[in-house]
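Q: Build me a model:
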Amino acid sequence: MSERPTVITWFKVYAGLMVLLYIIVLVAGILIFANAESFVGNDVRPGSSVPTDPAEAQLMGLIYAVLGVVLSLVFAVGLATPRRFWGWVYGIVLIAIGLTSCCFWPITIPLLIFWLKPEVKDWYKNVDSY
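A: Numbers count the residues shown, from 1 in each chain. Predicted coordinates for the structure are as follows:
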């Protein structure tokens with residue numbers, strides 16, 4: 001019977017933190033959408049990221065809310081993936097999503113290094129020793 005690799009626990013912690021992060025993004029999007037007037041600024045310089053129109057702020061809030069819902073669900077599935085080979089592949093995809101932000105590199109780079117080790121892949125493949 002093979003022992004569960006430690007990196008799987010760390011992956012679950014990572015996925016749980018990402019679920020919380022994207023729930024915060026969802027809440028922020030709802031707040032921006034609901035309070036669009038207070039997010040409007042007068043900065044009309046080219047390249048400014050401050051919305052100058054309430055409709056623009058509402059669209060921004062809607063985009064944040066949709067991304068928050070979708071990505072929190074994607075990472076929540078990562079918390080519950082079964083011990084199957086596709087679960088290992090799904091883990092790589094979630095780690096790759098985290099790699100798109102340099103803020104998560106201290107977490108995702110070591111996680112990816114350990115995730116790619118043969119014993120982790122074998123643990124996901126050999127389900128008879130569940």
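Q: hey, let's count contacts and neighbours off CA atoms from now on
A: Fine.
Q: need the contact list for the spatially most central residue of the chain.
A: What sits nearest the mean C-alpha location of the chain, by CA atoms, centre = their mean, is Met18, with 4.4 Å. Met18 makes contact with Ser72, Phe75 under the criterion CA atoms under 8 Å, 6 or more residues apart in numbering.
Q: gap between it and Gly78?
A: 10 Å (CA to CA, to the nearest Å).
Q: Trp10 too?
A: Distance, Trp10 to Gly78, using CA to CA: 12 Å.
Q: which one of these two has more residues nearby?
A: Regarding Trp10 and Gly78, a neighbour count based on other CA atoms under 10 Å identifies Gly78 as having more, with 22 against 14.
Q: For the more buried one, I want the exact helix or strand it lies within.
A: Under the criterion of DSSP states H and E, Gly78 resides in helix 54-79.
Q: mind showing which ranges of this protein have poor pLDDT?
A: Along the chain, the model assigns pLDDT under 70 to residues 1, 41-52, 128-130.
Q: Select the longest helix from it.
A: If you go by DSSP state H, the chain has its longest helix at helix 6-34.
Q: List the buried residues for the helix holding Gly78?
A: The neighbour-count check on helix 54-79 (16 or more other CA atoms under 10 Å) flags 54, 56-69, 71-72, 74-79 as buried.
Q: Kind regards, and thank you for your time.
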